[in-house]
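Turn this into a model:
(one chain, ligands or ions: 2)
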Amino acid sequence: MKLTVLGSGTSIPDLKRNPPGFLLEFDNGKNALLDIGPGTINRLLELGKTINDINYIFLSHFHPDHSLDLISLLFVLKNNIYLNEDKPIEIILFSSSEFENFYKNLIQTFYGSTDAKEKLIFKSIDNGDINIENIKISSIKVKHKDESRAFRIEYKGKTIVYSGDTGYTEDIKDKLGNFAKGSDIFLLECAFSDKYLPSVHLNPTTVGKILEIAKPKKAVLFHFYPKVQKTDIKGTINKYYNGNIILSEDKMEIEI
Ligand SMILES: [Zn+2]
Ligand SMILES: [Zn+2]
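Ligands and ions are numbered 1, 2, ... in the order given. Modelled structure (predicted):
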């Protein structure tokens, strides 16, 4: 697998860091997006890809910094903007069971109908593990919004775990730490500095405590608000976890 960072930032406009979005490429020719924040589709173009190249989307939750390009995608699908007559777009979107309602509201607000030739097919990840094209997908609830989920994606003996956004409790530390245990890449949010312990995001200390349990081969951090970027993120985390910490940047490529 190969992970490319399309957006390492937040909802705060930043020329260097787009809101969250990641491209995951499998060597069976399938490609996935982990979240689809605003600018994700354009970032794909910068990498020489279009939405035609995407087979799966894993949507962690509905906050606009993670989901806004879904509206652009629906517009593409409905109007066949990239239509390739031989191979219309067919994307499977994996998310919580709450997605169906969210989707219906989006369609109603923006389009009025879903009768497009190109397709977005929803699959709930709340009914147990999913196996598709030799890719195994699992998920757990995290502490952010009701629909927030973290994903574990396994393929050919390699594992990537994506936290989405999450707050911290002792329970989340154990649950998320164990969910990501032994992963090759743990893509984990690190939104705020240690001055803040918000209920819906992590800071370097709480990231460190989760990594202490998970012990991934590589911890790839994202979702940096401006204040945390001015602090010693790695130094703080090193008190708990001495592995490979990568502070992700847009367009960074990481082999898994
Ligand atoms: Zn969020
Ligand atoms: Zn977010």
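
Provide the secondary structure category for the most centrally placed residue in the chain.
Among the residues of the chain, the one closest to the centroid is L34, at 3.4 Å (C-alpha atoms, centre = their mean). What DSSP: H, G, I helix; E, B strand; the rest coil gives for L34 is strand.

go on, I91?
Secondary structure assignment for I91 (three-state DSSP): strand.

which residues does the closest residue to it other than its chain neighbours contact?
Spatial nearest neighbour of I91, chain neighbours left out: L120 (5.2 Å); criterion: C-beta to C-beta, 6 or more residues apart in numbering. In this view, the C-beta of every residue, glycine as well, is placed from N, C-alpha and C. Going by C-beta atoms under 8 Å, 6 or more residues apart in numbering, L120 touches L73, L74, L77, I91, L93.

same deal with I12?
For I12, the contacting residues are Y225, P226, by C-beta under 8 Å, 6+ apart.

That one should be in a strand, yeah?
No - going by three-state DSSP, the assignment for I12 is coil, not a strand.

Pull out the buried positions in stretch 71-81.
Across stretch 71-81, burial judged by 16 or more other C-beta atoms under 10 Å covers I71, S72, L73, L74, V76, L77, K78.

tell me which of these is nearest to ligand 1?
Nearest to ligand 1, judged by C-beta to the ion, of the buried residues of stretch 71-81 is I71 at 16.6 Å.

Pick out the residue of the stretch 101-250 of the chain closest to ligand 1.
The stretch 101-250 of the chain approaches ligand 1 most closely through D165 (3.7 Å), counting by C-beta to the ion.

give me the number of residues near that residue?
With neighbours defined by other C-beta atoms under 10 Å, the count for D165 comes to 24.

wait, H201 sits on F192?
Yes - here H201 reaches F192: they are 5.3 Å apart, a contact under C-beta atoms under 8 Å.

Of the buried residues of stretch 71-81, which ones also sit close to ligand 1?
Checked against ligand 1 using C-beta under 5 Å from the ion, those give no members in range.

Looking at those residues, which one is closest to ligand 2?
The nearest member of those to ligand 2, counting by C-beta to the ion, is I71 at 16.5 Å.

any idea of the pLDDT on the closest one?
Per-residue pLDDT puts I71 at 93.

nearest residue to it other than its sequence neighbours?
Once flanking residues are discounted, I71 sits nearest to F110: 6.0 Å by C-beta to C-beta, 6+ apart.

Next, count neighbours for the one you found.
Using other C-beta under 10 Å, F110 is surrounded by 11 other residues.

Pull the contacting residues for D146.
Shown in contact with D146 (C-beta under 8 Å, 6+ apart): E98.

start the count at 36, not 1, going forward
Sure, I'll start numbering at 36, so the last one becomes D181.

Which helix or strand contains it?
For D181, there is no host helix or strand (DSSP states H and E).

go on, I188?
strand 184-190.

now the nearest residue to I156 once chain neighbours are set aside: how far from ligand 1?
In this structure, I156 finds its nearest non-sequential neighbour in I127, 5.0 Å apart by C-beta to C-beta, 6+ apart. Distance of I127 to ligand 1, given as C-beta to the ion, to the nearest Å: 23 Å.

got a list of what the residue nearest to the centre of the chain touches?
If a contact means C-beta under 8 Å, 6+ apart, then L69 has P55, G56, F57, L58, L59, F93, S95, F186, Y197, L222 as its contacts.

Counting only helices, which of these make the cut?
Among these, DSSP state H puts none in helices.

what's the closest of these to Y275?
L222 (17.8 Å; C-beta to C-beta).

Tell me what that closest one is bridged to.
L222 has these beta-bridge partners by DSSP bridges: Y197, V255.

picking up where we left off before, what residues of the helix or strand the residue nearest to I126 falls within count as buried?
Using DSSP H and E, L155 sits within strand 154-159. Buried residues in strand 154-159, counting neighbours by 16+ other C-beta under 10 Å, are found at L155, F157.

Repeat that for stretch 45-53.
Counting neighbours by 16+ other C-beta under 10 Å, stretch 45-53 gives T45, S46, D49, R52, N53 as buried.

Appreciated, that's everything.
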